[in-house]
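Enquirer: One predicted model, sequence on top.
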Amino acid sequence: MTTGAAISGTWTLDDRLAGPVAEVPVEVRPGTAALTVSLSYDRSAGVLDLGCAGPEGFRGWSGGARSAYTVTPCWATPGYLPGEIEPGVWRVLVGLHRVPLGGLAYEIRVIRHVRPPARPRRRRPSRVPGSLRPEPAAVRRRLPSPPGHRWLAGDLHAHTDHSDGTLTVRELARLAAASGLDFLAVTDHNTVSHHAELAAASAPAGVALVPGQEVTTDLGHAGALGDVGWIDFRRPPDEWARAVRDRGGVLSVNHPVAADCAWRHPMTDRPRTVELWHRSWQDRTRGAPLAWAQAWAAGLAGDLVVVGGGDYHRPEEGHPPGAPTTWVLAEGDGRGPGAAGAVVRAVAEGRTAVSASPGAPLLLRLEDEFVAVDADGLVLWGPGTRRVVRGDLAFLPAGPGVHRLETAANELMAVCS
């Protein structure tokens with residue numbers, strides 16, 4: 001048995017300027033076993049995001065990827081958290097991402113289910129390759145590592161069907177392993193509903209899955225890495241940074257110069273970690289990301305930590321996870337239940353490098369030396385450093401600060417913290 005209600009109106013440009021997320025209250029009576037909410041509007045005229053908060057707090061977010069969601073005690077639409085349907089005032093969260101000058105008419109339909117709906121059947125993970133990685137990336141490439149540590153290849157930015165991706169967590173894990181990665185951070189937009197699936201998907205695929213969230217606003221995105229719980233994207237970014245740090249994670253500024261999701265938030269407490277190399281940096285002779293990073297670093301208490309992000313969403317985009325590849329010098333061998341935590345600690349401590357892919361030229365820092373791998377003929381650039389690399393495995397004196405490898409035509413090929 002179901003009961004429903006419809007709420008309609010028009011969002012105005014003044015509404016958007018008053019705040020990026022509006023809240024529409026919905027009264028849920030005792031005895032409601034499940035809740036379905038749908039949002040309809042003219043998608044050719046604007047963009048509205050969708051989310052949910054219950055009386056006890058946040059219950060999920062799907063942004064503009066979905067027009068409806070269902071929450072039950074034992075299952076929820078990917079991007080949302082299952083749990084009891086508490087009686088009281090729930091709130092439909094509507095992100096006013098793009099609203100035209102003339103306003104944007106909308107209708108919200110709320111269906112209250114007296115009996116829980118049947119649990120949907122999950123799609124079988126049949127759309128991606130299923131082979132496990134043959135051996136760790138550092139072993140394949142014979143990378144030198146200090147005792148008790150190993151260089152791990154991965155990607156710190158990827159999405160599943162819990163936000164605007166199309167693969168399940170299990171499918172994405174197997175794709176990452178088939179792409180030659182040791183780890184992958186799953187960073188769905190403004191939700192942590194995918195975290196519950198990471199452990200079960202990690203071991204069969206042979207890849208460490210790092211819990212994450214892409215804190216997403218219309219003034220910029222940030223990656224919250226680690227088992228830090230949900231970060232409230234509606235609060236100021238300084239609060240994100242403090243919450244992530246206090247909970248033992250890392251906050252990175254994502255794709256800071258990428259189109260309309262470039263970073264425009266003012267911050268007092270600037271994160272050290274920056275997604276300098278995002279997949280949108282297709283012309284790597286273009287110096288805007290490097291210039292932005294230099295300006296950002298000038299206000300930091302410590303050194304800049306550079307990472308990369310493939311921002312994987314769906315197979316038809318034509319690029320796998322790990323393009324670019326983030327390398328971390330992690331404690332241990334990168335396997336087992338502690339691997340995800342070791343990845344986050346390595347990023348927090350600045351033991352990172354970025355290459356175009358798992359097999360591309362690579363620049364690593366080992367204490368007071370750089371190791372340039374498969375970089376013969378490339379140019380090493382850094383503060384006070386300019387020299388040509390000779391040989392496929394070269395050990396060079398290491399100076400402080402971010403360094404990079406470029407071609408003679410000034411195309412960036414690798415970078416390290």
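Expert: Ah, there it is. Numbering: from 1, shown residues only.
Enquirer: what's the burial count for W61?
Expert: Neighbourhood size, W61 [other Cβ atoms under 10 Å]: 30. Where C-beta positions appear, they are placed from N, C-alpha and C, glycine not excepted.
Enquirer: I'd like the average pLDDT over whichever strand or helix holds it.
Expert: Per DSSP states H and E, W61 falls inside strand 57-63. In this model, strand 57-63 has a mean pLDDT of 96.
Enquirer: Now do the helices in the stretch 301-417 of the chain.
Expert: For the stretch 301-417 of the chain, the helices defined by DSSP state H, counting those that start in this stretch cover 339-348.
Enquirer: which stretches of it have low pLDDT?
Expert: Scanning the stretch 301-417 of the chain for pLDDT under 70 picks out nothing.
Enquirer: could you list every residue that touches T352?
Expert: Counting by Cβ atoms under 8 Å, 6 or more residues apart in numbering, T352 touches V305, V306, V307, T326, W327, V328, L329, A346, C416, S417.
Enquirer: Among those, which one lies nearest to L172?
Expert: T326 (16.1 Å; Cβ to Cβ).
Enquirer: Distance of that closest one relative to H189?
Expert: 20 Å (Cβ to Cβ, to the nearest Å).
Enquirer: of these two, who's got more company?
Expert: More crowded of T326 and H189, by other Cβ under 10 Å: T326, with 29 against 23.
Enquirer: so the more buried one sits right up against V305, yeah?
Expert: No. Taking contacts as Cβ atoms under 8 Å, T326 lies outside contact range of V305: 10.5 Å.
Enquirer: got the contact list for stretch 229-237?
Expert: Stretch 229-237 is touched from outside by 20-21, 58, 61, 190-192, 213, 215-217, 220, 222, 224, 239-240, 243-244, 247, 265, 267, with contacts defined as Cβ under 8 Å, 6+ apart.
Enquirer: now swap in stretch 385-393 and tell me
Expert: For stretch 385-393, using Cβ under 8 Å, 6+ apart, the contacting residues are 371-380, 396, 399, 403, 405.
Enquirer: Tell me the confidence at L167?
Expert: Value for L167, per-residue pLDDT: 94.
Enquirer: need the contact list for the residue lying closest to it once chain neighbours are set aside.
Expert: Take L167 and drop its neighbours on the chain: the residue closest to it by Cβ to Cβ, 6 or more residues apart in numbering is T160, 5.7 Å away. By Cβ under 8 Å, 6+ apart, the contact set of T160 is P78, L167, T168, V169, E171, L172, V186, D188, H194.
Enquirer: Quick check: the first one is in a strand.
Expert: No. Counting by DSSP: H, G, I helix; E, B strand; the rest coil, P78 is not found in a strand; it is coil.
Enquirer: where's P211, which helix or strand?
Expert: Counting by DSSP H and E, P211 is found in strand 208-217.
Enquirer: for D238, same thing?
Expert: helix 237-246.
Enquirer: Compute the distance from the centre of the following helix or strand past that helix to the centre of its chain.
Expert: Where DSSP H and E defines the elements, the next helix or strand beyond helix 237-246 is strand 250-253. Centroid separation for strand 250-253 versus its chain: 10 Å, with Cα atoms, centre = their mean, to the nearest Å.
Enquirer: quick one: contacts of strand 250-253?
Expert: Taking Cβ under 8 Å, 6+ apart as the rule, strand 250-253 contacts 156, 215, 220, 222-226, 240-241, 244-245, 263, 271, 273-275, 296, 307, 344, 347-348.
Enquirer: Could you rerun that using 6 Å?
Expert: Here strand 250-253 makes contact (Cβ atoms under 6 Å, 6 or more residues apart in numbering) with 222-225, 240-241, 244, 263, 271, 273-275, 307, 344, 347-348.
Enquirer: The residues you listed: which two are farthest apart?
Expert: W263 and V344 (21.3 Å).
Enquirer: Comparing those two, which residue is more hemmed in?
Expert: Remark: of W263 and V344, V344 carries more neighbours, 24 against 20, as counted by other Cβ under 10 Å.
Enquirer: Burial check on the nearest residue to the more buried one once chain neighbours are set aside, number of neighbours?
Expert: Residue nearest to V344 in three dimensions, not counting chain neighbours: G226, with 4.3 Å by Cβ to Cβ, 6+ apart. When neighbours are counted by other Cβ under 10 Å, G226 registers 23.
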